[in-house]
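J.: Fold the stuff below for me.
(one chain, ligands or ions: 2)
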Amino acid sequence: MGCVNVKKQTKLRMKVTPSSTVVTDNSRRSSYELPSPSPSDYEPLSFLGAGGFAEVTACKHIRTKSIKAQKKIPKSKLKPYHLHQSKKPKEVHILESLDHPNIVSFFEYFEDRENYYLITEICKGNSLYSNLIKSGKFSEKKVKESMFQVLQAVEYLHDKKIVHRDIKPENVLLTSSNGSHVKLSDFGSADEIGVNKKLFGGFGSVFYLAPEVIIGEYNEKVDIWSCGVMMWVLLTGKQPYIEKDAKTIKERIVQRPLQPCQIELGGLSCDGLDFMKKMLEVDSEKRISATEALEHKWFEDCRKKYE
Ligand SMILES: Nc1ncnc2c1ncn2[C@@H]1O[C@H](COP(=O)(O)OP(=O)(O)O)[C@@H](O)[C@H]1O
Ligand SMILES: [Mg+2]
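T.: Ligands and ions are numbered 1, 2, ... in the order given. This next block holds a predicted model:
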């Protein structure tokens, strides 16, 4: 999840915080009421990860014994614009409408006085970010496989007029530790974009912000820019900007945004470089769309494998 005052950028270093136990008192629930989901339906297991907003733990659904992920978001962290008119977090409203093999499946949500709890499928292979920390950088083949799947999720979202606004390696999860199936997660910064409607506001994580997000109004093409930055980060294992604080990074993005360079990306194929250039096109009108991206020559082998 991102925020209006752009998130403090996570360093390329693993962050581990302790898991939490969730207990609520359901004893006074009337036996005539349909049981509504509650934190006590789940037994917390191990810690999976934490972001700027939430803490995520593996949990067991006590009745069915199935293992899921539970994202606990303190209500104190959410602003009114994080809530849908139905009073649910927008993240829940959006997740409920999604069904795609490259998007984390959502099951149910509940709340107590302090927190919202989102139950989703568990992705046992951790995030691309954690995997990048372990391996330093990814091969072009691995990056291509991940990008192709993420862009399939992005195409689906954009067709549904949903903008993710926080695409980065921390929010792309591997379903298993030895596989290559990835799923886009964390819809805490996502929003719906009506026909011809523009979005405003600096959601997302600073390194991945498109120049137009910092300048003013924008549309779904910001996700493509973030994909371009993510591709660069996965290939190099480096942070895209050397500037230290969010304000200077934002100034840098407006004045001299990330541009792919053959020397830095040593070994990247000509097709890969051309593809990255098209995603990191500063003019969002000219920037490639998700559908066009999936048709790029670089993905020729992926199209055969995944379609
Ligand atoms: N479904 C899941 N399965 C496994 N790990 C997860 C899952 N969802 C989130 N995580 C881990 O928890 C971290 C934080 O979750 P995220 O939804 O991104 O929270 P935030 O909104 O605070 O950024 C992720 O970067 C990832 O490491
Ligand atoms: Mg996140």
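J.: L234 - how many residues pack around it?
T.: Neighbours of L234 under the rule other C-beta atoms under 10 Å: 24. To be clear about C-beta, it is placed using only N, CA and C from the backbone, and glycine gets the same treatment.
J.: ok, it to ligand 1 distance?
T.: Per C-beta to the nearest ligand atom, to the nearest Å, L234 is found 15 Å from ligand 1.
J.: which other helices and strands contact whichever helix or strand that residue is part of?
T.: According to DSSP states H and E, L234 maps onto helix 221-236. Applying 3 or more C-beta pairs under 8 Å, 6 or more residues apart in numbering; DSSP states H and E, one finds that helix 221-236 contacts helix 128-135, helix 140-159, helix 211-215, helix 270-279, helix 290-294.
J.: Output these as CSV; include the columns distance to P169, mean pLDDT and mean neighbour count.
T.: Formatted as CSV, the helices and strands packed on helix 221-236 follow (distance: least, C-beta to C-beta, whole Å; pLDDT from 0 to 100; neighbours: other C-beta atoms under 10 Å):
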stretch, distance to P169, mean pLDDT, mean neighbour count
helix 128-135, 4, 96, 17
helix 140-159, 9, 97, 21
helix 211-215, 19, 95, 19
helix 270-279, 15, 97, 18
helix 290-294, 18, 98, 18
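J.: Tell me what angle the helix or strand following the helix holding L234 forms with helix 221-236.
T.: Next along the chain after helix 221-236, taking DSSP H and E as the criterion, comes helix 246-255. On the basis of axes from the mean of the first three to the mean of the last three C-alpha atoms, to 10 degrees, helix 246-255 is oriented at 100 degrees to helix 221-236.
J.: residues making contact with stretch 59-67?
T.: By C-beta atoms under 8 Å, 6 or more residues apart in numbering, the residues outside stretch 59-67 that reach it are 41-45, 58, 68-70, 119, 122.
J.: ok, now with 7 Å
T.: With contact meaning C-beta atoms under 7 Å, 6 or more residues apart in numbering, stretch 59-67 is reached by 41-45, 58, 68, 70, 122.
J.: Highest neighbour count among those residues?
T.: So for the contacts of stretch 59-67 (other C-beta under 10 Å), the most neighbours sit at Q70, 27 neighbours.
J.: Please tell me how far that one sits from I119.
T.: 6 Å (C-beta to C-beta, to the nearest Å).
J.: next one: L265
T.: For L265 relative to I119 (C-beta to C-beta), the value is 40 Å.
J.: can you check E155 too?
T.: Separation of E155 from I119 (C-beta to C-beta): 26 Å.
J.: can you check D271 too?
T.: Taking C-beta to C-beta as the measure, D271 falls 40 Å from I119.
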